[in-house]
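Asker: coordinates for the following, if possible.
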Amino acid sequence: MLRPGSKLHRRAFWGLSILALPLLLGGCDKMVVMNPTGDIAVQQRNLILFSTGVMLLIIVPVMALTIWFAWKYRRSNPNKTYDPNFDHSTTLELIIWTCPLLIIIALSAVTWTSTHLLDPFRPLERIAPGKPVPAGTRPLEVQAVGMDWKWLFIYPDLGIATVNELALPVDQPVHFSITSTDQFNTFYAPTLAGMIYAMPTMKSELHAVLNKTGESWGYSGNYTGAGYSDMRFKLRGMDKAGFDAWVAGVRAGGSLDTATYLALAKPSEKVPVMRFSTVAPGLFDRIVNQCAEPGKPCMVDVMRDDMMRARMKPGKEPPPGAPKPAEPHIEGMNMSALPSIRTPGAPRAAQA
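Answerer: Numbers count the residues shown, from 1 in each chain. Okay, the predicted model is just below:
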């Protein structure tokens, strides 16, 4: 019988723990990042493998030399060399400094190039290795909205929308516009591309492509409260015929008007897949500008009016012949050139 706390008991505990680990992880797709179905995710996987391999060029020899030194210079070794006056070795210095320096140079070069080539804002130049994007190909537009606790996907060119379901045709570039309603989320489909933040009042972008049919999952990588664990969406890769059939099926759904969206925006958990055959015009832009509610002014209009007011002094007119004031701007953005986004009945910001 094993006594608690005994050496044999501890060995048995750790042995059983290691054996049970695969069972505990059996429900997880542990290698999903290493088995991508999209070209961007493949390049990111290859970058991970390259970086790991280069770093192992140092880690493995160091671990091996640690064992070798411990064995060679053990106390019981009669052939060990003892040199109390040793203080320098040019050969060792060259190895110790040159090898890490070469690895840093290699990683820096790959990181620099991949940072630009895999920039999520950069349009795709290829759909797969050796397959450039055909001339004249227009990417599929998808607007992704992170909500509490679900994902809304709007296909503006198709006039449809879904909740917790993202279907994409294979070998066609996709341009994502990404935002969130009121919490920071991250749009992450591991088999498609990397993780992109979804932030309230801001719009981010992602260019990606799927190259294989099949189903996988996407989710938010940023904890947002009670329903976070079930904030997942199904990613479906389909051929052209299958995607067209899926679109036809979505067109049999309901309508995503303003009232339906406001009800959908309320926090809810474990939301099933929902499909909408029509979408209220400009809904995504109003979500970004926090004015989906009727009568609420849009941020872009408020900013424009505030900047205009800041440039003008009440009761004073510019003298004749004076140069025209510069157009208002925020971080180089010409606010007067931005379109007005208003819901019906929304008031304009008060003028000074």
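Asker: give me the distance between L166 and A259.
Answerer: Distance of L166 to A259, given as CB to CB, to the nearest Å: 24 Å. All C-beta spots, glycine's among them, are computed from the backbone N, C-alpha and C.
Asker: how close does the residue lying farthest from the centre of the chain sit to G218?
Answerer: Using CA atoms, centre = their mean, the residue of the chain lying farthest from its centre is P78. It sits 59.1 Å away. P78 is 63 Å from G218, where distance means CB to CB.
Asker: D285 now?
Answerer: D285 sits 23 Å away from G218 when distances are taken as CB to CB.
Asker: next: M195.
Answerer: 10 Å.
Asker: more neighbours, these two?
Answerer: When M195 and G218 are compared for neighbours, G218 comes out ahead with 21 against 16, by other CB atoms under 10 Å.
Asker: quick one: contacts for the more buried one?
Answerer: 151, 166, 187-190, 192, 232-235 (CB atoms under 8 Å, 6 or more residues apart in numbering).
Asker: at 6 Å instead, please
Answerer: 189, 233, 235 (CB atoms under 6 Å, 6 or more residues apart in numbering).
Asker: quick one: which of these is nearest C298?
Answerer: Distance to C298 across these (CB to CB) is lowest for F233, with 27.4 Å.
Asker: so that closest one: helix, strand or coil?
Answerer: Assigned with DSSP: H, G, I helix; E, B strand; the rest coil, F233 falls in the strand class.
Asker: separation between M308 and G218?
Answerer: M308 is 41 Å from G218, by CB to CB.
Asker: repeat for M312
Answerer: When distance is defined by CB to CB, M312 is 47 Å away from G218.
Asker: now T81
Answerer: Distance, T81 to G218, using CB to CB: 60 Å.
Asker: what of F184?
Answerer: To G218, F184 is 17 Å away according to CB to CB.
Asker: which helices and strands does the longest helix along the chain pack with?
Answerer: If you go by DSSP state H, the chain has its longest helix at helix 39-72. Counting contacts by 3 or more CB pairs under 6 Å, 6 or more residues apart in numbering; DSSP states H and E, helix 39-72 packs against helix 90-117.
Asker: in the helix it packs on, what counts as buried?
Answerer: S114 (16 or more other CB atoms under 10 Å).
Asker: after it, which helix or strand is next?
Answerer: Using DSSP states H and E, the helix or strand that follows helix 90-117 in sequence is strand 126-128.
Asker: so what strands line up beside that following strand?
Answerer: With DSSP bridges as the test, strand 126-128 is paired with strand 131-132 (antiparallel).
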